[in-house]
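Enquirer: Got a predicted model here, sequence first, then my questions.
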Amino acid sequence: MPYEDLNEEYLNGFEAYDGHEQVRKCELEGGLIAFIAVHNINLGPALGGLRMCAYASERDAVHDVLRLSKGMTYKNAVAGLPLGGGKAVIIGDHRKDKNEDLMISMGAAVESLDGKYVTAEDSGTGEEDMVAISEATEHVTGLPPEVLAGKGFGELGGNPSPLTALGCYRGLKSAAQFKYGSDDLSSLHVAVQGVGAVGLELCKLLKQDGVKLTVCDIDELSLTKAKEELGQITIVPPEEIYAVDAQVFSPCAMGASLNDKTIPQLQAEIIAGAANNQLQKEYHDQMLADQNILYVPDYVINAGGVICVGYEYFRKSHYNPMDFEITRERMVAHVEGIGRNVEEVLTYAREHHLNPGEAADRLAEEKFLGPDGLESTNSEEPPSFGTNGGKTLVQ
Ligand code: NAD
């Protein structure tokens, strides 16, 4: 049996299980195992990336897919996207075990959910894998522009990193407005950890506003590129970035950079950056608050990428839940709206005496569960996102 839905009794054994809508185990070409988790589809089809990782066990993979798919529900909800949350993982080494046939069979697994889950790239997968997946399903996004070109998709698709950076920039401005009463960044000093795809683009935007920049990276090539493209910047060794005397610390590298060791070193008054899972533990939100540091929740400020692939999906599939035509301009405007989302989260936190991370989670739950925490889809029939279009089917 290539596909099998995991039952509740088994899933109850996982701390990360949250009454997920559906979790499917799939046997792929060559015998590799994948799991697709659909956490919640109240707002629309469950969008979330496909990760390929050499998990030590199937249990580890199930734990990860449960956790990550739930995160996507929250991220998509706060981003104001009519999308639910899902994720997929393949157990395997992406450097050795990945090939086109494997990805086509993954596409067939995605297709088996009839549009309930929409996949995209994540760590261990890339644009070329999405192209292979698209041979077996239309429920895939994040395709390279050359594949979309000439198909009337209106300049959607392509590298989302500059859009992620734009969302961070807008979010940072809102945080400055909240903290200092002005969104003028020109007198600020920002310390940026990681000048890769997103970090460098963010620096370019900040530079235009006259922001003083201090950056670090573990990769010499990234630093050379940053110097070439940004001109006058200060570079510090990676371990010194936390203690830079800047108003803003912007984590744009790896996860868990805010932890017991680094938080006490911070001089910044605002944390606003693109990295995923910045807090190593949940209580680090409180630790930042205790130091009077305003933390902008990562999944709120870094949603530019998912907005970008979400719009690409709305445009090229039969599912357009928006009451307007999907264009690149509309997508960019939605990304710029991250500024308002950050403002909403920070205001909610202040009004409800919550830390920003808790406030973001509450707001997300209000959006996908309704104000009373009740499931908002009460229909007997499960929503279908397949080929009928979403508008009449999704509330
Ligand atoms: P990237 O790999 O292009 O850039 C990351 C940079 O950080 C690299 O230059 C790397 O050398 C550097 N780095 C790694 N470890 C470091 C360390 N300890 N200290 C300093 N620098 C270090 O990745 P990216 O696409 O720019 O993404 C950055 C972060 O943002 C990641 O956490 C990613 O998950 C998250 N994110 C990215 C997007 C996107 O659209 N690319 C969207 C949402 C979230």
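Expert: Cool, the structure landed.
Enquirer: Spell out which parts of this structure neighbour the ligand.
Expert: Taking CB under 6 Å from any ligand atom as the criterion, the chain approaches the ligand at residues 160-161, 164, 193-199, 216-219, 222, 238, 252-255, 274-276, 302, 305. For the C-beta atoms, the positions are set from N, CA and C on the backbone; glycine is no exception.
Enquirer: What's the ChimeraX syntax to select whichever of the residues you listed are buried?
Expert: Here is the ChimeraX command that selects the buried residues among the residues of the chain next to the ligand (16 or more other CB atoms under 10 Å):
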select :160,161,164,193,194,195,196,197,198,199,216,217,222,252,253,274,275,276,302,305
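Enquirer: Give me the subset of the residues of the chain next to the ligand that lies in strands.
Expert: In strands, defined here by DSSP state E, the members of the residues of the chain next to the ligand are 193, 216.
Enquirer: Mind checking which of the residues of the chain next to the ligand are in helices?
Expert: Residues of those located in helices (DSSP state H): 161, 164, 197-199, 222, 305.
Enquirer: Same list (the residues you listed) but as JSON lines, adding pLDDT.
Expert: JSON lines is the format used below for these (pLDDT from 0 to 100):
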{"residue": "Ser161", "pLDDT": "91"}
{"residue": "Thr164", "pLDDT": "95"}
{"residue": "Ala197", "pLDDT": "93"}
{"residue": "Val198", "pLDDT": "96"}
{"residue": "Gly199", "pLDDT": "97"}
{"residue": "Ser222", "pLDDT": "97"}
{"residue": "Gly305", "pLDDT": "95"}
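Enquirer: Please name the residues that touch the closest residue to the ligand within the chain.
Expert: Nearest to the ligand, among the residues of the chain, is Gly196, at 1.8 Å (CB to the nearest ligand atom). For Gly196, the contacting residues are 217, 219, 222, 252-253, by CB atoms under 8 Å, 6 or more residues apart in numbering.
Enquirer: would you list every one of the strands in the stretch 1-150 of the chain?
Expert: With DSSP state E, counting those that start in this stretch as the criterion, the stretch 1-150 of the chain has strands at 3-5, 22-27, 33-40, 46-47, 50-53, 84-91, 117-118.
Enquirer: Show me what the last one is packed against.
Expert: By that I understand strand 117-118. Contacts defined by 3 or more CB pairs under 8 Å, 6 or more residues apart in numbering; DSSP states H and E place strand 117-118 against strand 46-47, strand 84-91.
Enquirer: Make JSON lines from the ones you listed and add distance to Tyr3 to it.
Expert: Converted to JSON lines, the helices and strands packed on strand 117-118 look like this (distance: least, CB to CB, whole Å):
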{"stretch": "strand 46-47", "distance to Tyr3": "16"}
{"stretch": "strand 84-91", "distance to Tyr3": "12"}
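Enquirer: tell me the pLDDT at Lys70?
Expert: Lys70 is assigned a pLDDT of 97 by the prediction.
Enquirer: could you list every residue that touches the closest residue to it other than its chain neighbours?
Expert: Leaving aside its sequence neighbours, Lys70 sits nearest to His39 (CB to CB, 6 or more residues apart in numbering; 4.7 Å). Counting by CB under 8 Å, 6+ apart, His39 touches 18, 20-21, 46, 66, 69-70, 72-73, 84-87.
Enquirer: what about 10 Å?
Expert: 16-23, 46, 48, 65-74, 76, 84-87, 117, 368 (CB atoms under 10 Å, 6 or more residues apart in numbering).
Enquirer: Fine by me, we can end here.
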